[in-house]
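Engineer: generate a structure from the sequence data that follows.
(chains A and B)
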Number of protein chains: 2
Amino acid sequence: MAVPVEGLPSRVRIHEVGPRDGLQNEKAVLPVEVKAEFIERLAAAGLTTIEATSFVHPRWVPQLADAEELMPRLTALADAGVRLPVLVPNERGLDRALALGATEIAVFGSATESFAKANLNRTVDESLAMFAPVVARAKEAGLRVRGYLSMCFGDPWEGPVPVSRVAEVCHRLLGLGCDELSLGDTIGVATPGHVTALLDALVLGGTPVERVAVHFHDTYGQALANTLAALQRGVTTVDASAGGLGGCPYAKSATGNLATEDLVWMLTGLGIDTGVDLGRLTATSVWMAERLGRPSPSRTVRALSPHQEQES
Amino acid sequence: MAVPVEGLPSRVRIHEVGPRDGLQNEKAVLPVEVKAEFIERLAAAGLTTIEATSFVHPRWVPQLADAEELMPRLTALADAGVRLPVLVPNERGLDRALALGATEIAVFGSATESFAKANLNRTVDESLAMFAPVVARAKEAGLRVRGYLSMCFGDPWEGPVPVSRVAEVCHRLLGLGCDELSLGDTIGVATPGHVTALLDALVLGGTPVERVAVHFHDTYGQALANTLAALQRGVTTVDASAGGLGGCPYAKSATGNLATEDLVWMLTGLGIDTGVDLGRLTATSVWMAERLGRPSPSRTVRALSPHQEQES
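Structural biologist: Numbers count the residues shown, from 1 in each chain, chains lettered A, B, ... in the order given. Predicted coordinates for the structure are as follows:
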């Protein structure tokens, strides 16, 4: 039953990260045909923005080493208007993405020095300096650019991350030319008041909320409550991963993304339009779970597909 | 990091249902010593209201057939001020509870005719008539009485349940003398707008929000977002089950209660006092998971106890 709440957006755009952020965190390396079919199925389920792959060096992300083979298989989707951003770490990655006709890229920074060092082997300043020509050249070429920011709430080395620190890095990313920011709760520790406080700080600092997306992990089960808090502050772009891909329910590091199905269930109940067909999406996640040889961690997928459970 | 939100309560009482609602939905039948130790550990972790057992006929709930053996083991806790409500279906159950010195009981009704028929083999009117003398006698004896109401949002046979229908049955339960109502989303389909609408209808109808508790299931991953919506409407009593007991992550019917740990994580982050020591609570749920032979479905328990995961 759809029961809208006053003050919430009437429409939310889901930025689907399963094929990129999801698959890069799965142990299995899937064949390129499976990845292409996955993206096609997600688009057929109504998702309009699907992060397709990554141009990070295959040494670091072997799961997505086949970007050159995958991208040409997606031209029909791109021609049909499906947005297919790709992750780009540096100018070499941008060259590869441009050569394949990408029209949207994402760069990924860190709000904390510890994670910048661990993930990028750079200081935050150095990483922003590395992104500057990437973003500039991408904008020149007419591409849309998203800036991911990791560790916006807590950091495994530094603990809670001050809102003012995150806001500062956000403003610098926007200053480089990023069209959109995605605020990542990389270790899943955020709670709704923290989300509200960060969004308020950003907006007070002059960032239009339309340019802010949220990217929550369900490590402590908080992702959907945090999403609700973000919607209440006017956020209209939410990252999610079909089937909760990227976090194994049986693994130590159950640090998965918010499952797209759980998000769609809530948004539909709130009368917020997503354009997504939940049945087709769930069927896609069950199909992908079979490819990966394990059930989806999404609660909605499990509830809607008891057959999957009997198999597992 | 605790980041409070204006307008939320400063303190929430968790009504722990693991030993009753959790264990009655587990396949395993545990020894009475384990149940007593479980309740003692929950109290030691700071939970102040722990639903201890059920006086439903053992034919229906064999997992809790040992109420007569369990209750005498809990007298020290009761003397120390821990509230230990017990579920009572009828006058025969009340007699048993009174004989054992219970000071709080709960009756359980249904908002829908279909579930009243399926669960109680009675119409809603007939079930309320059955509760009337139970509640009256309990109040006469100085007991506190909670009224559970199932299917407050959706019903597997009837679909969405009208808010006005739920409000009517709520008012009738209060009219019988119930001190508190617990609004159950038995099949886990509710979303935050529906929660808000139901609470608004109750308050408009004259029910003080202090007398309303919420009882969410995480079947579709919505429990914590729904809880946030309820807190925003002033609810200060939230039902939860330690470790998410009662819903197996690997079973078809993953209809588990909201995990107390996931709730405590959110409330702590919101600066809301619960009195619960999350470390001790998580250790208790890991201990119980070992007794049941399967890992806890709580995301917070899994995140905080990787050792459990390696075993599973």
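Engineer: any idea which element A:Asp147 lies in?
Structural biologist: Just so we're on the same page, residue A:147 is Gly rather than Asp. strand A:144-150 (DSSP states H and E).
Engineer: and what of A:Pro89?
Structural biologist: Here A:Pro89 is assigned to no helix or strand, by DSSP H and E.
Engineer: pretty sure it is touching A:Val56, no?
Structural biologist: Yes: A:Pro89 lies in contact with A:Val56 (CB atoms under 8 Å); the separation is 5.0 Å. C-beta coordinates here come from the backbone N, C-alpha and C atoms, glycine included.
Engineer: the two - which one has more neighbours?
Structural biologist: A:Pro89 (22 against 19; other CB atoms under 10 Å in any protein chain shown).
Engineer: what's near enough to touch the more buried one?
Structural biologist: Applying CB atoms under 8 Å, 6 or more residues apart in numbering or on different chains to A:Pro89 gives the contacts A:Phe55, A:Val56, A:His57, A:Val107, A:Phe108, A:Leu120.
Engineer: show the buried residues in the residues you listed.
Structural biologist: Among the contacts of A:Pro89, those classed as buried by neighbour count (16 or more other CB atoms under 10 Å in any protein chain shown) are A:Phe55, A:Val56, A:Val107, A:Phe108, A:Leu120.
Engineer: now, among those residues, which is nearest to B:Thr75?
Structural biologist: Within those, the smallest distance to B:Thr75 is 58.3 Å, found for A:Phe108 (CB to CB).
Engineer: which one is that closest one nearest to, not counting chain neighbours?
Structural biologist: For A:Phe108, ignoring the flanking residues on the chain, the nearest one in space by CB to CB, 6 or more residues apart in numbering or on different chains is A:Tyr148 at 4.0 Å.
Engineer: tell me the contacts of the one you found?
Structural biologist: A:Leu87, A:Ala106, A:Val107, A:Phe108, A:Gly109, A:Leu181, A:Ser182, A:Gly184, A:His215.
Engineer: okay, the residues you listed in CSV with pLDDT next?
Structural biologist: Formatted as CSV, the contacts of A:Tyr148 follow (pLDDT from 0 to 100):
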residue, pLDDT
A:Leu87, 97
A:Ala106, 98
A:Val107, 97
A:Phe108, 95
A:Gly109, 95
A:Leu181, 98
A:Ser182, 98
A:Gly184, 96
A:His215, 97
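Engineer: tell me the two of the residues you listed that are most distant?
Structural biologist: A:Leu87 and A:Leu181 (14.8 Å).
Engineer: could you pull out the strands for chain A?
Structural biologist: Using DSSP state E, the strands of chain A run over residues A:13-16, A:49-50, A:53-54, A:86-87, A:104-110, A:144-150, A:154-155, A:159-160, A:180-185, A:212-216, A:237-240.
Engineer: and the ones you listed: which comes nearest B:Lys139?
Structural biologist: Using CB to CB, the nearest of the strands of chain A to B:Lys139 is strand A:212-216, at 45.3 Å.
Engineer: read off the pLDDT value for the closest residue to A:Ala229 other than its chain neighbours.
Structural biologist: In this structure, A:Ala229 finds its nearest non-sequential neighbour in A:Pro192, 3.6 Å apart by CB to CB, 6+ apart. For A:Pro192, the pLDDT comes out at 98.
Engineer: repeat for the one 4 residues further on
Structural biologist: We note a pLDDT of 97 for A:Thr196 in this prediction.
Engineer: one more: the one 4 residues further on?
Structural biologist: We note a pLDDT of 97 for A:Asp200 in this prediction.
Engineer: bridge partners for the residue lying closest to A:Arg83 once chain neighbours are set aside, pull those for me.
Structural biologist: Excluding the flanking residues, the one nearest A:Arg83 by CB to CB, 6+ apart is A:Thr49, at 4.3 Å. When bridges are called by DSSP bridges, A:Thr49 pairs up with A:His15, A:Arg83.
Engineer: for A:Thr49, what are its contacts?
Structural biologist: Applying CB under 8 Å, 6+ apart to A:Thr49 gives the contacts A:Arg13, A:Ile14, A:His15, A:Glu16, A:Val82, A:Arg83, A:Pro85.
Engineer: of the residues you listed, which is the most crowded?
Structural biologist: A:Glu16 leads the contacts of A:Thr49 on contacts (other CB under 10 Å) with 29 neighbours.
Engineer: so can I have JSON lines of the contacts of A:Thr49 showing pLDDT?
Structural biologist: Below are these laid out as JSON lines (pLDDT from 0 to 100):
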{"residue": "A:Arg13", "pLDDT": "98"}
{"residue": "A:Ile14", "pLDDT": "98"}
{"residue": "A:His15", "pLDDT": "98"}
{"residue": "A:Glu16", "pLDDT": "98"}
{"residue": "A:Val82", "pLDDT": "98"}
{"residue": "A:Arg83", "pLDDT": "98"}
{"residue": "A:Pro85", "pLDDT": "98"}
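Engineer: ok, A:Leu23 - contacts?
Structural biologist: For A:Leu23, the contacting residues are A:Leu30, A:Lys35, A:Gln63, A:Leu64, A:Leu245, A:Gly246, by CB under 8 Å, 6+ apart.
Engineer: now these as CSV including distance to A:Glu126 and pLDDT?
Structural biologist: Output for these, formatted as CSV (distance: CB to CB, whole Å; pLDDT from 0 to 100):
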residue, distance to A:Glu126, pLDDT
A:Leu30, 34, 96
A:Lys35, 32, 98
A:Gln63, 26, 92
A:Leu64, 24, 94
A:Leu245, 31, 94
A:Gly246, 27, 87
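Engineer: mind checking which of those residues land in helices?
Structural biologist: Among these, the ones falling in helices (DSSP state H) are A:Lys35.
Engineer: one step back: tell me the mean pLDDT for the strand holding A:Gly147?
Structural biologist: Mean predicted confidence for strand A:144-150 is 97.
Engineer: equivalent analysis for stretch A:288-304, please.
Structural biologist: 92.
Engineer: quick one: buried residues of that stretch?
Structural biologist: For stretch A:288-304, by 16+ other CB under 10 Å, it's A:288-289, A:292, A:294-304.
Engineer: is chain B contacted by it?
Structural biologist: Yes: Stretch A:288-304 lies within reach of chain B by CB under 8 Å from any CB of the partner chain, at A:Pro295, A:Ser298, A:Arg299, A:Thr300, A:Arg302, A:Ala303.
Engineer: neighbours around A:Arg92, how many?
Structural biologist: A count of nearby residues for A:Arg92, using other CB under 10 Å, gives 12.
Engineer: measure it to A:Trp157 for me?
Structural biologist: According to CB to CB, to the nearest Å, A:Arg92 and A:Trp157 sit 28 Å apart.
Engineer: same question for A:Glu290.
Structural biologist: 38 Å.
Engineer: pick out the residue in the stretch 101-250 of chain A sitting closest to chain B.
Structural biologist: Closest residue of the stretch 101-250 of chain A to chain B, CB to the nearest CB: A:Thr191 (2.5 Å).
Engineer: pretty sure that residue sits against B:Asp262.
Structural biologist: No: taking contacts as CB under 8 Å, A:Thr191 lies outside contact range of B:Asp262: 10.8 Å.
Engineer: what touches both of those two?
Structural biologist: Contacts common to A:Thr191 and B:Asp262, judged by CB under 8 Å, 6+ apart, are A:Gln222.
Engineer: could you tell me the angle between the longest helix anywhere in chain A and strand A:144-150?
Structural biologist: In chain A, with assignment by DSSP H, the single longest helix is helix A:124-140. Interaxial angle, helix A:124-140 versus strand A:144-150 (axes from the mean of the first three to the mean of the last three CA atoms, to 10 degrees): 160 degrees.
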